[in-house]
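fold the following and give me the result.
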Amino acid sequence: VPLPALARQQRRGWEPGSRFEYTSMNSFVLGWIVAEATGVPYHRYIEQKLWQPAGMESTVWLGNDSNGNSMAYCCYYATVRDFARFGLLYLRGGQADGRQVVPEAWVKESTRPSASFNDGYGLHWWLGESGDFMATGLAGQRIYVSPEHQVVIVKSTLATVLGEEETETAFRAVAEAVARTRLS
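You can find the predicted model right below:
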């Protein structure tokens, strides 16, 4: 079943803004809206408006359904270095090579709680307790950003199960240790 057909079958389960539940379909719909509004397939839009202007070295590939609809909620295939560059883009307030690629206001808005009842999720970013945030992949991949320590960490392992609850703690410790090396 094509993703747009699945999206059309969805029914609201509660009043918008009354509770949080991460739903991949919402991210698909957002990508679908971008494609419909711009007349550009979502994967091309990402390449033209974000990936190339941010100075990524490689092409980003996006997963899609059998009808070619970009999933938007997952399956961004890129190099670890380009994922790190994406983290740096957000660490630097949306700038890459002195160019504003993502509006700074969006970077700030998307990396703070999206609702008063939800302090752990922004707008497509999972939020930590000390101003850090991360993009989280389906099978344990992460782009971790620590503004406090000016560090980006990318974890690209697939299907990490053991110790997953310690990942954020480990990232914070590594970011702190890296920041200490800059002081000496």
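
what stretches of the chain score poorly on pLDDT?
Along the chain, the model assigns pLDDT under 70 to residues 159-163, 184.

can you pull out the helices in it?
With DSSP state H, the ranges of helices along the chain come out as 3-9, 24-38, 42-46, 80-91, 104-110, 167-183.

closest one to Pro147 among those?
helix 80-91 (6.3 Å; Cβ to Cβ). Where C-beta positions appear, they are placed from N, C-alpha and C, glycine not excepted.

what does that closest one contact?
Outside helix 80-91, the residues that touch it by Cβ atoms under 8 Å, 6 or more residues apart in numbering are 51, 54-58, 60, 78, 95-96, 101-102, 107, 111, 125, 133, 135, 143-145, 147, 150, 152-154, 156.

please apply the same query to stretch 66-76.
Taking Cβ under 8 Å, 6+ apart as the rule, stretch 66-76 contacts 2-4, 24-28, 30-32, 34-35, 41-43, 60-65, 137-138.

once you drop chain neighbours, what's closest to Leu6?
Of all residues beyond its chain neighbours, the one nearest Leu6 is Met25 (6.9 Å), with distances taken as Cβ to Cβ, 6 or more residues apart in numbering.

thought Ala5 was touching the one you found, still the case?
No. Look at Met25 against Ala5 with Cβ atoms under 8 Å: they stay out of range, at 11.6 Å.

the more surrounded of the two?
Met25 (15 against 11; other Cβ atoms under 10 Å).

what's the spacing between the more buried one and Ala139?
19 Å (Cβ to Cβ, to the nearest Å).

number of nearby residues for the nearest residue to Gln48 once chain neighbours are set aside?
Of all residues not flanking Gln48 in the chain, Val40 sits nearest, at 7.2 Å (Cβ to Cβ, 6+ apart). By other Cβ under 10 Å, 15 other residues sit near Val40.

tell me the bridge partners for Asp142.
Careful, residue 142 is Arg and not Asp. Note on Arg142: beta-bridge partners Thr136, Lys155, judged by DSSP bridges.

what sits against it?
Per Cβ under 8 Å, 6+ apart, neighbours of Arg142: Met134, Ala135, Thr136, Ile153, Val154, Lys155, Thr167, Phe171.

now for those, which sits with the most neighbours around it?
So for these (other Cβ under 10 Å), the most neighbours sit at Met134, 24 neighbours.

check the gap between the spatially most central residue of the chain and Leu123 for me.
The residue lying closest to the centre of the chain (Cα atoms, centre = their mean) is Ala135, at 4.0 Å. Distance from Ala135 to Leu123, counting by Cβ to Cβ: 12 Å.
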